[in-house]
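Asks: Got a predicted structure plus its sequence, pasted below:
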Amino acid sequence: MKTVPYMSVQFSQHALEKMHRRSVKTSDVYATMESPDEVYNDVEHGTIVAVKKIDARSIILAYKMEAEVVKVITLYYTTKLDRLIKTKTVRGAWKRVK
């Protein structure tokens, strides 16, 4: 378990499997948590979604805050960020926070 400014971070088994399968870098995950470009409230799943542009793609990170712990639920890279955000916000699944 590592810490991101004042918080402990835990990865669900699902997140760990997805990191491995999708070759998501741990450094990208922490960079996204520390300084996301955009943040959304996923009202369908009760999670927070952080987005950060990294090179030619973006990382999408879904997590929950539980007491003093950030619990990473899932994560992935996308090259179609604009389409994803439009789809999620138009149907009301995501509400922009930042």
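Replies: Okay, I see it. Numbering: from 1, shown residues only.
Asks: So which residues of this protein form strands?
Replies: With DSSP state E as the criterion, the chain has strands at 2-4, 7-11, 38-42, 47-54, 57-66, 69-78, 94-96.
Asks: show me what contacts the residue most central in space within the chain?
Replies: Central residue of the chain (CA atoms, centre = their mean): residue 61, 1.1 Å from the mean position. Applying CB atoms under 8 Å, 6 or more residues apart in numbering, we find residue 61 in contact with 29, 32-33, 36, 49-52, 72, 75. C-betas here are computed from N, CA, C, even on glycine.
Asks: what do you get for residue 24?
Replies: 18, 59, 75-77.
Asks: Just the pLDDT for it.
Replies: The score at residue 24 is 91. That number is its pLDDT.
Asks: again, but for residue 55
Replies: pLDDT at residue 55 comes out at 88.
Asks: I'd like to know how far it sits from residue 27.
Replies: Relative to residue 27, residue 55 is positioned 12 Å away (CB to CB, to the nearest Å).
Asks: Next, show the common contact partners of those two.
Replies: With the criterion set as CB under 8 Å, 6+ apart, the contacts of residue 55 and residue 27 do not overlap.
Asks: Who are the contact partners of residue 39?
Replies: Taking CB under 8 Å, 6+ apart as the test, what residue 39 contacts is 48-51, 96-98.
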